[in-house]
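A.B. asks: need coordinates for the below:
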Amino acid sequence: MKINLLTPTAGWLAVAPPNPDATVPPGLGDFADQILGWLKWGVLFSGVLGILVCAVMIIIGRRNRSATAYEGLVGSAWILGGLALASVAAVIVGAFQV
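C.D. replies: Model (predicted):
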């Protein structure tokens, strides 16, 4: 006679392990929101400043300074990549929730 250990008739129940939702520790919710807000503002400020600096480099490097213009163009690509990553940060972290 073959006994299946996961059936209730065998005295065992198939139970999933507990998986509680993420909860904010008491008193830390407002602090975490404030820190995240500061970081978001810092990313936006740095992005605008970086794009402006790269634009100036491209403008200055127009005549006889092609290396400066090239560095401005490459720098702007890195800045746009960083801003894109920052804009999807919450989505990426949410995708890895257990």
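A.B. asks: where does pLDDT dip in this structure?
C.D. replies: 1-14, 98 (pLDDT under 70).
A.B. asks: rerun at 80
C.D. replies: Counting by pLDDT under 80, the ranges of the chain that qualify are 1-16, 19-20, 22, 97-98.
A.B. asks: which residue ranges of it form helices?
C.D. replies: Under the criterion DSSP state H, helices of the chain are mapped to 29-60, 66-87, 89-95.
A.B. asks: and the first one, which residues are buried?
C.D. replies: Same thing as helix 29-60. Of the residues in helix 29-60, V43, G47, G50, I51, C54, M57, I58 count as buried by neighbour count, 16 or more other CB atoms under 10 Å. Any C-beta I mention is one placed from the backbone N, CA and C, and that applies to glycine too.
A.B. asks: which one of those residues is nearest to R65?
C.D. replies: R65 lies nearest to M57 out of the buried residues of helix 29-60, by CB to CB, at 9.0 Å.
A.B. asks: distance of the closest one relative to G72?
C.D. replies: As judged by CB to CB, to the nearest Å, M57 and G72 stand 3 Å apart.
A.B. asks: what number of residues lie near the closest residue to Y70 other than its chain neighbours?
C.D. replies: For Y70, ignoring the flanking residues on the chain, the nearest one in space by CB to CB, 6 or more residues apart in numbering is G61 at 7.2 Å. Residues lying near G61 (other CB atoms under 10 Å) number 17.
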